[in-house]
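In: let's see this in three dimensions:
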Amino acid sequence: MRRGILALFVFSSFLSAGIGVAGAVDIAGQATAISVIDDRGHSIRLDYSAGRIISLSPNITELVFAAGAGAKLVGVSRYSDYPEAAKSIPEVGDSSHLDLERIIALKPDLVIAWGSGNTVSDIGKLERLGLTVFVTEAIRLEDVSRLLRAAGKLAGTSTQAERAARVYEAELGQIKRNYGGRRQIGVFPLIWHQPLMTVNGNHIISDIIRMCGGANVFSSASSLTPVISAESLLKADPQAIISSISLEFSGIGVRELLRRLSHVSAVRSNHLFFVHPDLIHRQTPRMLQAVKTVCAQLEEVRSS
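Out: Prediction:
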């Protein structure tokens, strides 16, 4: 599907979503260039919908599939394991090392990068090689539907992407209605334990917590994924700890951490919860599963 399908519908959808779109089709019905604003604020222009796409993170791979464009992926980052079809696509490295030679050899029309997962240096290298790079960064749950529409526009799968975006928005809206006005719970989102790491208020995990009536106790931290001390966690005294690193809080390192934090309210009350990292870290429609899990966990805290 190239360039011109349902142009007026797609155009109005993108305007309402806040994504800059230029000229899917002209008045005479002739296909024209595609222009979409990425999350750096850069205008990304394609002469026609991308037929060869490379994804530089697992969440982007999953997002492209959700937007109906999985068949157009010719390269993906390491750990791209969802959906099942992603496992058979050639790998081009990961956030710590991109295989530039392989990326060039795959001759992509479009490379999609993750703003906080891929380095500015790597993105710059790709652009200097003449590749078109679209950078994504969802910091709010509402951004997922926006990025679905953007991926669909760039890949020429706007009909499928619009359908997926609307389903996502409807489910997100229902969760908002279900959990609005709940008693606020102080939450510590634990993303690593050696060193002790969390996220600040600009991370999408904090938006998940807010959606469920919680508050990240480290929302005011200056960096996106700050390293914190055990002392600062004791002072913050969260009512719940939500971890994405240990299913049973049973790893040796985590057990030692909990021993040191025995005076924290969440530890004393055993309000220690797990959410699978693929659900809470990947900025895709499956993130709604993480939202539902976190909301149920915070309801457990409220009822105890």
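In: CA atoms for contacts and neighbours, from now on please.
Out: Fine.
In: now stretch 109-119: average pLDDT?
Out: Averaging pLDDT along stretch 109-119 gives 94.
In: now the terminal residues of that stretch, how far apart.
Out: Across its full length, stretch 109-119 reaches 20 Å between end residues, using CA to CA, to the nearest Å.
In: make 9 the first number, not 1, from now on.
Out: All right, first residue 9 from here; so that's stretch 117-127.
In: centre of the chain versus stretch 142-155, how much separation?
Out: Its chain's C-alpha centre and that of stretch 142-155 lie 7 Å apart, by CA atoms, centre = their mean, to the nearest Å.
In: typed the wrong thing, it's stretch 269-283
Out: On CA atoms, centre = their mean, the centre of stretch 269-283 falls 27 Å from that of its chain.
In: who touches that stretch?
Out: The contact list for stretch 269-283, computed with CA atoms under 8 Å, 6 or more residues apart in numbering, reads 238, 241-242, 245-257, 266, 298, 301-302, 305, 309.
In: repeat that for stretch 105-124.
Out: So stretch 105-124 is contacted by 47, 58-65, 68, 82-83, 100-101, 130-131, 134, 139-145 (CA under 8 Å, 6+ apart).
In: filter the contacts of stretch 269-283 down to the ones in strands?
Out: 248, 249, 250, 251 (DSSP state E).
In: any low-confidence regions in the stretch 9-158 of the chain?
Out: 9-40 (pLDDT under 70).
In: now the strands for it?
Out: Residue ranges of the strands in the stretch 9-158 of the chain, as given by DSSP state E, counting those that start in this stretch, are 29-30, 42-45, 51-54, 61-63, 81-83, 101-102, 105-106, 118-122, 141-144.
In: gap between the last one and the chain center?
Out: Offset of strand 141-144 from its chain centre (CA atoms, centre = their mean): 13 Å.
In: now swap in stretch 132-151 and tell me
Out: 13 Å.
In: and for stretch 91-98?
Out: Distance of stretch 91-98 from its chain centroid, counting by CA atoms, centre = their mean, is 19 Å.
In: for residue 297, give me its contacts.
Out: Residue 297 sits in contact with residue 287, where contact means CA under 8 Å, 6+ apart.
In: from residue 290, how far out is it?
Out: Counting by CA to CA, the gap from residue 297 to residue 290 is 11 Å.
In: same question for residue 126.
Out: 14 Å.
In: can you check residue 147 too?
Out: 11 Å.
In: kindly report the same for residue 193.
Out: For residue 193, the distance to residue 290 - CA to CA - is 24 Å.
In: and residue 172, how many neighbours does it have?
Out: For residue 172, the count of nearby residues is 19 (other CA atoms under 10 Å).
In: and it, what is it in contact with?
Out: With the criterion set at CA under 8 Å, 6+ apart, residue 172 makes contact with 74, 75, 153, 156.
In: over to residue 228?
Out: Applying CA under 8 Å, 6+ apart, the residues near residue 228 are 208, 209.
In: and what of residue 157?
Out: Counting by CA under 8 Å, 6+ apart, residue 157 has contacts 22, 75, 166, 169, 170, 173.
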